[in-house]
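>>> how would this look folded up:
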Amino acid sequence: INMPLVSLLDFWKRDPETAPNLVAWQTLPPHPAQTHPFPEDLPAPVRQTLLAAGIHTLYSHQLEAWTHSRAGENVILSTGTASGKTLSYNLPVFASLLNDPYARALYLFPTKALAQDQHSNLQSLVSSLSLQSLNSAIYDGDTPQSARSAIRKNARIVLSNPDMLHTGILPHHTNWSDFFTHLRFVVIDETHTYRGVFGSHVANVIRRLKRVANFYGAKPQFILASATIGNPKELAERLIEEPVHLIDNDGSGRGPRHFIIYNPPITDPSLGLRKSSLLEGVRLAQDLINSNVQSVVFARSRRSVEIILRYIQGDLTPDSSPESPLIDYKSLPSPQSMVRGYRSGYLPTQRREIEKGLREGTIKTVVATNALELGIDIGRLGAAVLEGNPATDG
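Next up, the predicted model:
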């Protein structure tokens, strides 16, 4: 239980500056985890690594993913944030690659940042497995040319994105002949992002991927992971054009979740004018910082990110003018800063520093556009503040 957050929520309920503006507050109750023993056919090295990491059981959806993947079925996992979807697809992939020393796997993520985050987790797991044979590598636009040949030849697990698959891998499939010949698994993470016109483009890329793999004699199995959406099975089957088994019973344990809608107070009743939602978002974010709750503040534009960041860091006050241009990335705070911004336009090395700081807890608050939303696993965060209406284009 996050006691600082509990104390802050109790304070907000009593605070005369905050409580009158809480127009909706819904709490989802906690529920215990549904766990099961390791399956009997789990390879011994994988079992030993999980035990060494303090994992002694699997969630029900992880066991279901294992069972159906081992039966050769395509599956899609549609469970909550931080429910262990990554382990759900890593286990069957690891087992297959351990059983066949030539087998390969392709992991597709919608952003470079998420690939970086998952690669870090993958390397940590593989090193603890002491299975250097399961070497993995990122192959995207940031991959140095000098490293690409070795990755094509040696990497057992390649992490990439649909754009790189379309422009940098499939057109040069002859250079990837060994990889495609032994391609056993394709993992598509964050499947819910592949909708609309963009989704139709990605479906065409997947169609090309399957055709190239078949040319080399391979028929890869697909494992997809998605946020909790209304039609995960339909989306997955349209994306890969094959039958897919749906796994949507989330077996992970979860504490209570609070969904709060805050409406800024009226400042001019005759005109119906309200206080700035940006300034009120800053105030609530400062409460979280003062309570030592790791949090993310989402803003709708890069400009809003920089303005909020400057308010929180004290460079601006409600009486000063925020009309200056966007902060140049060269003037960003040092990596040791507890509050950081995150948006497109930052250098890749700076984004990696921020992502690492969030994982390690050295950064307590990040102000971001939705560039961060698909950038890292944010399941460890205690709170998220959305400045403005969180509407989507869908």
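>>> wasn't residue 243 part of a helix?
No. Counting by DSSP: H, G, I helix; E, B strand; the rest coil, residue 243 is not part of a helix but coil.
>>> show the contacting residues for it.
For residue 243, the contacting residues are 73, 74, 237, by C-beta atoms under 8 Å, 6 or more residues apart in numbering. From N, CA and C alone the C-beta is placed, and that goes for glycine too.
>>> let me have those residues in TSV, extended by pLDDT.
Shown next, in TSV, are those (pLDDT from 0 to 100):
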residue	pLDDT
73	97
74	98
237	97
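>>> report the beta-bridge partner residues of residue 257.
Beta-bridge partners for residue 257, by DSSP bridges, are residue 28.
>>> let's number from 25 now, not from 1
Done: numbering now begins at 25, and the last item shifts to residue 281.
>>> isn't it right up against residue 33?
No. Counting by C-beta atoms under 8 Å, residue 281 stays clear of residue 33, with 11.4 Å between them.
>>> more neighbours: those two, which one.
residue 33 (18 against 11; other C-beta atoms under 10 Å).
>>> report how many residues lie close to residue 94.
15.
>>> could you do the one 10 residues further on as well?
Using other C-beta under 10 Å, the number of residues around residue 104 comes to 15.
>>> nearest spatial neighbour of it, chain-adjacent residues omitted?
Spatial nearest neighbour of residue 104, chain neighbours left out: residue 274 (5.2 Å); criterion: C-beta to C-beta, 6 or more residues apart in numbering.
>>> check the gap between that neighbour and residue 295 for me.
46 Å (C-beta to C-beta, to the nearest Å).
>>> next, residue 410: phi, psi?
With angles defined as degrees, to the nearest 10, residue 410 sits at phi -100, psi 110.
>>> quick one: contacts of the longest helix anywhere in the chain?
Counting residues, the longest helix found in the chain (DSSP state H) is helix 220-239. Contacts to helix 220-239, defined as C-beta under 8 Å, 6+ apart, come from residues 130, 186, 189-190, 194, 197, 204, 207, 210, 212, 218, 243-244, 259, 262-265, 417-418.
>>> mind saving the C-alpha coords of that helix as PDB?
Output of helix 220-239 as PDB, limited to C-alpha atoms (Å, rounded to 0.1, in the frame of the first residue of the first chain):
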ATOM      1  CA  GLY A 220      -7.700   2.900 -38.300                       C
ATOM      2  CA  VAL A 221      -5.700   3.800 -41.400                       C
ATOM      3  CA  PHE A 222      -2.400   3.200 -39.500                       C
ATOM      4  CA  GLY A 223      -3.600  -0.300 -38.500                       C
ATOM      5  CA  SER A 224      -4.500  -1.100 -42.100                       C
ATOM      6  CA  HIS A 225      -0.900  -0.200 -43.100                       C
ATOM      7  CA  VAL A 226       0.600  -2.400 -40.400                       C
ATOM      8  CA  ALA A 227      -1.700  -5.200 -41.400                       C
ATOM      9  CA  ASN A 228      -0.200  -5.000 -44.900                       C
ATOM     10  CA  VAL A 229       3.300  -5.100 -43.500                       C
ATOM     11  CA  ILE A 230       2.400  -8.200 -41.500                       C
ATOM     12  CA  ARG A 231       1.000  -9.700 -44.700                       C
ATOM     13  CA  ARG A 232       4.400  -9.100 -46.400                       C
ATOM     14  CA  LEU A 233       6.200 -10.500 -43.300                       C
ATOM     15  CA  LYS A 234       4.300 -13.700 -43.500                       C
ATOM     16  CA  ARG A 235       4.800 -14.000 -47.300                       C
ATOM     17  CA  VAL A 236       8.600 -13.500 -46.900                       C
ATOM     18  CA  ALA A 237       8.800 -16.000 -44.000                       C
ATOM     19  CA  ASN A 238       6.800 -18.600 -46.100                       C
ATOM     20  CA  PHE A 239       9.200 -18.000 -49.000                       C
END
